[in-house]
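>>> sequence and predicted structure, then a few things I'm wondering about:
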Amino acid sequence: MQFKINLSDIKLLIEEVEDSALVKRLIEYEKDGQYFEKGKYPSGQYLIDLSEDEVEVVMNSLSDYLMIYGVSNDGEPNALGLQVETLIDVFNDGQS
């Protein structure tokens, strides 16, 4: 499955995913550069290709991260939580 995500999201995944093989692949995506829309203009996003198992690892890591760092004292998502929720949505939409 292919997903378009931005550089800050790739960096977050590299920091939080515990699967070392997947982290190595994400680092390679980070080094390869931006996804070019229609072969012309940088879109600011990176195109990554993950298996269903890798998506499950990512989703579990993001869910854990959201619960630990993404919720303020009042139980509402903070700025980081909103970023993580958006990223979770990207991976949920890709699984449909």
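Now that the structure is in, tell me what you want to look at.
>>> right, and the helix or strand after the host helix or strand of I14?
Per DSSP states H and E: I14 is located in helix 7-16. Using DSSP H and E, the helix or strand that follows helix 7-16 in sequence is helix 20-32.
>>> let me see the mean pLDDT of that following helix.
Taken as a whole, helix 20-32 carries a mean pLDDT of 91.
>>> that one versus helix 7-16: what angle between them?
150 degrees (axes from the mean of the first three to the mean of the last three Cα atoms, to 10 degrees).
>>> buried residues in helix 20-32?
L22, R25, L26, Y29 (16 or more other Cβ atoms under 10 Å). From N, CA and C alone the C-beta is placed, and that goes for glycine too.
>>> isn't the first one up against V57?
Yes. The pair formed by L22 and V57 meets the contact definition of Cβ atoms under 8 Å, at 6.0 Å.
>>> which ones are touching the nearest residue to P77 once chain neighbours are set aside?
Among residues not flanking P77 along the chain, G70 sits closest, at 5.6 Å (Cβ to Cβ, 6 or more residues apart in numbering). Counting by Cβ atoms under 8 Å, 6 or more residues apart in numbering, G70 touches P77, N78, L80, G81, L82, Q83, V84, E85.
>>> just the residues you listed: which are in helices?
Of the contacts of G70, the ones assigned to helices by DSSP state H are L80, G81, L82, Q83, V84, E85.
>>> how near is the second one to M67?
When you say that, I think you mean G81. According to Cβ to Cβ, to the nearest Å, G81 and M67 sit 9 Å apart.
>>> between the two, which is the more surrounded one?
Applying other Cβ atoms under 10 Å to G81 and M67 shows that G81 carries more neighbours, namely 17 against 11.
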